[in-house]
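1. This is a predicted model, with the sequence first.
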Amino acid sequence: MPHKFDPINKHLLVSADRQMQLDTHRVLSLIPILRYHAVADVGCGPGYFTLPLAKYLFDGRVHALDIQQEMLDAVRKELERARLTNVETTLTEENRLPLEDDSLDGAFLAFSIHEADDPRNMLAEAGRCLRPDGWLALLEWHKRETDGGPPVEDRIDEADLREMAVEAGFRPTNRHSLNDDQYMLVMRR
Ligand SMILES: C[S@@+](CC[C@H](N)C(=O)[O-])C[C@H]1O[C@@H](n2cnc3c(N)ncnc32)[C@H](O)[C@@H]1O
């Protein structure tokens, strides 16, 4: 089974160094998000993307989901500090998203699908919760040795992830190199 990110290191996920490596504004500019969308941040961690998503979605909502309560506690603290009120934080189960069918415009999965016990099931769950033509963004590490990042054996190769998503019923629309080590696939249900 892949490793789960240890919450003891959660400060690394919201560090200034990370902003240099992976600019959240640039990521948001590459996805088909609109200000009124309902978006799930699946595996939100301490909220590196949750806060920018919430600021962008000033007429919409974010469902911040994680299987580790400590991550959700950290996001909640940051949301209160930023006085953002359009985010619901929910502890989720490994294999089931706590959302209704067809209830989302977008599903945002940043560096979480490689931690899932069953990535295919996570894609199927995202598909179930998205409305027809809803968007999916999958951000991941390339499957090779890099400075930092998860163990190579846990990572999912870009072509394999694309194929899994197509098998789950998604239609690829775009792919992006986020930096030397990380990629993003954008799809439609
Ligand atoms: C590497 S962290 C990334 C956090 C955040 N998306 C970011 O980019 O900073 C991966 C997160 O996914 C969560 N996670 C792992 N498996 C999950 C699952 N099956 N469902 C929801 N969250 C999961 C972990 O608890 C962890 O907080």
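-> Done, it's in.
2. Write out the residues of this structure neighbouring the ligand.
-> 4-5, 13, 42-45, 48-49, 65-68, 71, 92, 94, 110-112, 115-116 (C-beta under 6 Å from any ligand atom). Every residue, glycine included, has its C-beta placed from N, CA and C.
3. Buried members of these into ChimeraX, please.
-> Provided next is the ChimeraX selection string for whichever of these are buried by 16 or more other C-beta atoms under 10 Å:
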select :4,5,13,42,43,44,45,48,49,65,66,67,68,71,92,110,111,112,115,116
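4. Cross the residues of the chain next to the ligand against helices and list the overlap.
-> Counting by DSSP state H, the members of these that fall within helices are residue 71.
5. got the buried residues for whichever strand in the chain runs longest?
-> In the chain, taking DSSP state E as the definition, the longest strand is strand 130-141. Residues of strand 130-141 classed as buried: 130, 134, 135, 136, 137, 138, 139, 140, 141 (neighbour count, 16+ other C-beta under 10 Å).
6. ok, now which ones touch the third one?
-> Spelled out, that is residue 135. Going by C-beta atoms under 8 Å, 6 or more residues apart in numbering, residue 135 touches 31, 32, 33, 105, 106, 107, 173, 186, 187, 188, 189.
7. Residues in a beta bridge with the most centrally placed residue in the chain, which ones?
-> Closest residue to the average C-alpha location of the chain: residue 109 at 2.0 Å, with C-alpha atoms, centre = their mean. Under DSSP bridges, the beta-bridge partners of residue 109 are residue 138.
8. Got phi/psi on residue 19?
-> Main-chain dihedrals, residue 19, degrees, to the nearest 10: phi -60, psi -30.
9. What is the burial count for residue 181?
-> Neighbour count for residue 181, taken as other C-beta atoms under 10 Å: 17.
10. If you could redo that for residue 100, that was the one I meant.
-> Applying other C-beta under 10 Å, I find that residue 100 has 9 neighbouring residues.
11. ok, now which ones touch the residue lying closest to it once chain neighbours are set aside?
-> Nearest residue to residue 100 in three dimensions, chain neighbours excluded: residue 129, at 7.1 Å (C-beta to C-beta, 6 or more residues apart in numbering). Residue 129 sits next to 40, 97, 99, 100, 101, 102, 103, 104, 107 when contact means C-beta under 8 Å, 6+ apart.
12. rerun that using 10 Å as the cut-off
-> By C-beta atoms under 10 Å, 6 or more residues apart in numbering, residue 129 lies in contact with 38, 40, 42, 63, 97-104, 107, 189.
13. What of residue 156?
-> Per C-beta under 10 Å, 6+ apart, neighbours of residue 156: 2, 113, 114, 116, 119, 138, 140, 141, 142, 143, 162, 164.
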